[in-house]
Structures are given as structure tokens and as C-alpha cells.
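In: Model the following, please.
(3 chains)
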Amino acid sequence: MAVEENYKVELEVFQGPLDLLLHLIEKRKLHICDVSLLRITDDYIEYLNRAEQFSIKNSVDFVLTASILMLIKSKSLLPTLDLTLEEEQSIDDLEKRLKEYQEIKRLSGYVKERFGKRVSFFRQPEKNVKPIFSPDKNITISFLNSLINSILNNLPKKIVTPKVIVEKVISLEKMIENLTDRVKESLSTSFKKFSGLQNEGFTKKDKINVVVSFLAMLELVKQGSIAVKQSCQFGDIEMENQNVDVPDYK
Amino acid sequence: MLSLDSQIEAILFLKSEPVAKKEIAKILDKELEEVEDALFVLKGKFETRGIVLLSKDGKVALATSPEMSEVIDGIRKAELSRDLGKAGLETLSIILYKSPITRSEIDYLRGVNSNFILRNLLIRGLVEKVNNPKDQRSYLYKPTFELLSFLGISKVKDLPEYGKIQKEVEDFNLSNSSDEGLFNDSSDEV
Amino acid sequence: MLSLDSQIEAILFLKSEPVAKKEIAKILDKELEEVEDALFVLKGKFETRGIVLLSKDGKVALATSPEMSEVIDGIRKAELSRDLGKAGLETLSIILYKSPITRSEIDYLRGVNSNFILRNLLIRGLVEKVNNPKDQRSYLYKPTFELLSFLGISKVKDLPEYGKIQKEVEDFNLSNSSDEGLFNDSSDEV
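Out: Okay, here's the model as predicted:
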């Protein structure tokens, strides 16, 4: 389908979660701050779910970032929700990283406008230099054989993702479960608090809708993260994209 | 007797690859400071010439003036591959402005794994990796002379905003004093 | 805009071999007389420099000043007697086991650029290059006979594990054939 094709193409363009986030923020002409991140969370999750084929090795990074966005969202919907110090830090960190990434994008403009445009060339090697056979004491058959073997051993394997990420993803899964529980808990207290109240333009019904949809979204990303698995002992990671619709709670 | 700067010019002309200032000092039996002063004089002499002096990490090399780019490109047999791609451009920019930098730092800044693109840039000779004195298991990535030549600049410092960005990096490192010295750029005043 | 003599300087610097004045005129789209006048200016500028302008039979070339000949002989000797280093030996092992091989294939296996290293192996008579029948712009590298006899073998097939290593490299190339072109760097300056 043409629309899906478009999304695919668009996603290919993004280098990673930071690239996508920055794009979403700049598209809405926002500055980088936690409020902006809150406003683009839905866009981000939507992109993630619309992407059917995008580079699988990057998916882990995309999901990790989604979890941080969800923390921000959780906190904004349920101010009573307590975040751990580590969670607060990961939110600050994301903001900081986005700012740095934005700076790199700006600087790469300078590099782009120069690369290959006005080139300085090195001197071509002289052709008439007569070679003089000059071996080196290390040139022995056994040493050269050990070198070629170590080169072959060090050749890159196909898409190897470091173990650290596997651990992070597993803890992400736990984190989402944990977050779901916490949101549910906070929700029940919030219901008591908000019952009968209408504040800040939100009707009670709206508020419930938002929170319920949010829980659904958590579930969605949780499924996504569970689909991340280690396929063999050497740690190639496969990730299946979940074909689920995004809850519409606008 | 040729002046020291002219002697250095001859050596760089002959070698046609980057030479360490220390090695020049050794070859000519001079102090490093004398070599540095002479390189400064040489650079001045090249101002309006067809040759430029490139310098990086304590090494220097001669290359054709970037103003001759088009003409020279036309007479070379080998074709220049100017295609960088988004990932390549991003990674090169990080290495140019923030080097020396480890792969995990690059990954962190980009938000994605940079293994593949780094290998690509290494093979193209646009970046190089050196051992990390702070950590035996990792490498530090740096720009190469080849990269300077592609950018038509004579040293990394000639990039716009370079000083400002380096200062930010230094300030950051000062506040994280455990990293002390890691990002120290050797002086390339030439 | 560079003066004509500086433009000629850049061309001669790049070429490292005598260039016909007529060809220079053609490259720069000038009259032969203009080129000759500019060469006269250039010669004057080189008077006290480390580089001189040589001319013979309507051709011109740059060379190091004769006053530097002693220093230069020393550099040449040092180049030949220096340790090859890990990079040089690695490259040599690849050329021995996979010859004839192109520079980009060597780079691909090593994961880094081998330009300057190949140059050194060539002047030390350890490897030689021949034209690549498949690609005019690149060369194929092979071990020299001297190297084989130094190792005490008469052909590369006598190297230990020769067949096994051939197969492993081919398997690697096959598994990466989808990436073909990504690491292609056509420039072959050696």
C-alpha cells in the first residue's frame, strides 16, 4: 500500500531514536525540554508501530527511548507517581543527549558543505624508485600464518549486538511491568482524588480515557520489548515488530 | 646552506606522507621547538602558493592547495569517492569535533550502534583508531590527514566553532575530573 | 585565485614525474608562452627553497634540492631498515595468502586503509603490483620472488594452511556480498 511504503521510506531516513525525536520536536517547532518530549511521545510511539521493516538492530535503541518517554508521560498524567532517582536521571539524560545531538547535527552541516568540495591532494608516489629487497626479521612463515589467522578471527560477524543491550532490554521489560503496576496503583488513588472534580479543561471521563489508553500503550510497547530475544548464545538479537494499532486517545 | 624551513620542505616533499615533527627534528638533528618555529615560517611562505601544509597530532604533511581541487581532480587517474551518507556524515562530525573519542561515546551521542559505519570510515581512511591509554580493551577514534585533505582544511582547528566546542568538552571533563587528560589535544599550532 | 606559477607548482607537486609543458598548458587552458613565463617565475621563487624545478626536453618536474641529497639518502636507508610493524606484516600476510589481490580487498579484510603501508612494502621489494585486467584504475598486489625465496618456498601454495585460509576468506566475502560496493574505495594511489 502506498501509505505504508511512505512510512517505510521515512523511517529508513532516521539514524536512531535521537534522530527521530529531534525530527519530531523540530517538526512541531518546539525547544528541547521535558514538555516537548511529552508532546511528541504519541508521535514517537506511532512511528515505532508504523515501522514494519526498519533496521532491526536499531529497534532495541528505539524501544529503550520509548520507555523513557513513557516515564515522562506517566509522570505527567499521574503526578502522584513516584519516579526513582535513576528514572529521573534517565529523563534528564535524554534531554541532555537530544541537545547534544542537535548540536552535532548543526556541526555536521559545516562538514557536509566542505567534504569533497575543495580537496587538498597528497603527492602521487614516485614511479621510478627502484625497490631494494629489504626484509624484516619478523618475516617468518609461522608468524605470517598466525597473523592471517588472527585477521580471519577478527573479521566482523553479522550484526552482533553487545550483551549489555540484552541486559538493558531485559530490565526494560521488568521496568515496564513495574511501571504498569505503579500506574494502576496510582490510578486507583487518583480516582479517589479526582472523583467529582473537573479541572484544567479535563472532564473526568476524558481523564479516565487518557489513563486507560495510556495503559494500553504501555502494554503495547511491553509486547514489543518482549519480542526482543536472544537467538543464540553468541548474542545476535532478533526483534519482531508487533503489528498492533496505536490507541487513539487524542 | 638551506634554511631550516627549506630543509623541512624537502623532507616533506620526499616523504609524500605525514611525518612526525619529532622525526624531522631527529633527521635534522634539531630541537623540536626549532622545527616548530621553522614549520611556522614554512606555512607563511605557502600562503599564496600551490602547496599547503597540513598538521595534526604532532605530524605534518604537504598537499596541493584546495583552490586547485577541480584542476587536480581532473588529472588524477583514480576517482574520488565523495559519497558519505547520513550515518557517515554524523559519525565523521562527532570524530572531528570531539576526538579523541571512544566507540561507546560515539554510540551514546548518536543513540545507535556505530560499529558498521566506523569500520566503513576506517577502511576509507577517513578516521583512524589508536589504543586507548585509559582502557586496554577500547580504542580512541581520530580524524586522519586524508579527512583533512577531503575537507580542504590544514588542521582540525580550522573547522567553524571548533574552539567553542572543544571548550565545552574540556569544561565537561573538568567537572568530571576522572576523565582528566583523555581529551587533551596535542598542540597543533602550525 | 592562485597565480599561474602556483597553479603549475600544484600540478608538478602532485605528479611526481616529468610533465610536458604542452600538457600543463592544456590542463590549465593557457598558451605555451604563458606557461613558460610562469615557469620562469616559479624557478626564481624556488631559488632558496628545499624544492627545485628541473627541466629537460620540454618537460618539467619538481625534485628535492641537491643540497639535501645527503639527508635524503639517510631517510631512504632508514625507510628500508625500519621494522615493518604489525600493520605492515598483516598486510604482507594477506598478500601472501590471497594474491593477486586489490588494495580495496586488503583494506576490507584488515578493516583499515592500507595506502601508505603498501607504498612501503613496494619500495622494500616485498610486494609488487601489476595492472588489474578487470579494472583499469586499480592494481593487483603479489609477493615478489625475493620474498618467496626469503621464506624458503617456491610458490604461495606451499604456505601452511593455504587451502583452509583461501576458503575462509571466500566464505567471508560470500557472506558479505550483499554489502558489496559499500566499502568500495576506487582511489588507488599506490
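In: all strands for chain A, in order.
Out: Taking DSSP state E to define them, one finds strands in chain A at A:228-230, A:237-239.
In: Over to chain B?
Out: Using DSSP E, strands in chain B cover B:19-20, B:51-56, B:59-64, B:101-102, B:127-132, B:135-143.
In: Where does the prediction get shaky in chain B?
Out: B:174-190 (pLDDT under 70).
In: centroid residue for it?
Out: residue B:56 (3.9 Å; C-alpha atoms, centre = their mean).
In: any idea how far that residue is from residue B:84?
Out: According to C-beta to C-beta, to the nearest Å, residue B:56 stands 20 Å off from residue B:84. C-beta here means a position set from N, CA and C on the backbone, and glycine is covered the same way.
In: likewise residue A:147?
Out: The value you get for residue A:147 to residue B:84, if C-beta to C-beta is used, is 32 Å.
In: Kindly report the same for residue B:12.
Out: 29 Å.
In: do the same with residue B:161
Out: For residue B:161 relative to residue B:84 (C-beta to C-beta), the value is 20 Å.
In: Ok, residue B:127 next?
Out: 12 Å.
In: Overlap in contacts, those two.
Out: Listed as contacting both residue B:127 and residue B:84 by C-beta atoms under 8 Å, 6 or more residues apart in numbering or on different chains are residue B:92.
In: was I right about residue B:48 contacting residue C:3?
Out: Yes: in this structure, residue B:48 is within contact of residue C:3 by C-beta atoms under 8 Å, at 7.0 Å.
In: ok, residue A:90 - how many residues close by?
Out: 19 (other C-beta atoms under 10 Å in any protein chain shown).
In: Check the residue nearest to it when sequence neighbours are not counted and give its pLDDT.
Out: Leaving out its chain neighbours, the residue that sits closest to residue A:90 by C-beta to C-beta, 6 or more residues apart in numbering or on different chains is residue A:68, at 5.2 Å. For residue A:68, the pLDDT comes out at 83.
In: quick one: contacts for the closest residue to residue B:35 other than its chain neighbours?
Out: Once flanking residues are discounted, residue B:35 sits nearest to residue B:25: 4.7 Å by C-beta to C-beta, 6+ apart. Residue B:25 is in contact with B:31, B:32, B:34, B:35, counting by C-beta under 8 Å, 6+ apart.
In: same thing but 10 Å
Out: By C-beta atoms under 10 Å, 6 or more residues apart in numbering or on different chains, the residues touching residue B:25 are B:8, B:31, B:32, B:33, B:34, B:35, B:36, B:38.
In: Can you pull the residues of chain A lying near chain C?
Out: A:120-158 (C-beta under 10 Å from any C-beta of the partner chain).
In: List only buried entries from those residues.
Out: Neighbour counting with 16 or more other C-beta atoms under 10 Å in any protein chain shown marks A:120-125, A:131, A:134-136, A:139, A:144-145, A:147-149, A:151-152, A:155 as buried within the residues of chain A next to chain C.
In: out of these, which touch chain B?
Out: Answer for these near chain B (C-beta under 10 Å from any C-beta): A:120, A:121, A:122, A:123, A:124, A:125.
In: higher neighbour count, residue B:161 and residue B:84?
Out: Each of residue B:161 and residue B:84 has its neighbours counted (other C-beta under 10 Å); residue B:84 has more, 22 against 13.
In: partners of the residue lying closest to residue B:121 once chain neighbours are set aside in the sheet?
Out: Nearest-residue entry for residue B:121: residue B:127, 4.5 Å, with adjacent residues in sequence omitted and distances by C-beta to C-beta, 6+ apart. With DSSP bridges applied, residue B:127 shows beta-bridge pairing to residue B:143.
In: give me the number of residues near residue B:127?
Out: Residue B:127 has 25 nearby residues by other C-beta under 10 Å.
In: Surely it and residue B:148 touch.
Out: No: if you go by C-beta atoms under 10 Å, residue B:127 and residue B:148 don't touch, sitting 11.5 Å apart.
In: so what's in contact with those two at the same time?
Out: Common contacts of residue B:127 and residue B:148 (C-beta under 10 Å, 6+ apart): residue B:96.
In: Let me see the ranges of the helices in chain B.
Out: Taking DSSP state H, the helices of chain B run over residues B:4-15, B:21-28, B:32-46, B:69-75, B:85-98, B:103-110, B:115-123, B:145-151, B:162-175.
In: any idea how far residue A:36 is from the nearest residue to residue A:31 once chain neighbours are set aside?
Out: Distances taken as C-beta to C-beta, 6+ apart place residue A:25 nearest to residue A:31, at 7.8 Å, with adjacent residues excluded. Distance of residue A:25 to residue A:36, computed by C-beta to C-beta: 5 Å.
In: same check, this time on residue B:2
Out: Look at residue B:2 and residue A:36: by C-beta to C-beta, they are 63 Å apart.
In: same question, residue A:75
Out: 15 Å.
In: So which of residue B:2 and residue A:36 has more stuff around it?
Out: residue A:36 (19 against 16).
In: quick one, what contacts residue B:146?
Out: A:120, A:122, B:18, B:54, B:61, B:63, B:124-128, C:113, C:115-116, C:187.
In: try it again with 7 Å
Out: By C-beta atoms under 7 Å, 6 or more residues apart in numbering or on different chains, residue B:146 lies in contact with B:125, B:126.
In: How about residue B:109?
Out: Counted by C-beta under 7 Å, 6+ apart, residue B:109 has contacts A:100, A:101, A:104, B:94.
In: Phi first, then psi, for residue 133.
Out: As the question left the chain open, I've gone with chain A. Torsion angles at residue A:133 (phi, psi; degrees, to the nearest 10) stand at phi -60, psi 110.
In: that's the wrong chain, I wanted chain B
Out: Per degrees, to the nearest 10, the backbone of residue B:133 is at phi -60, psi -20.
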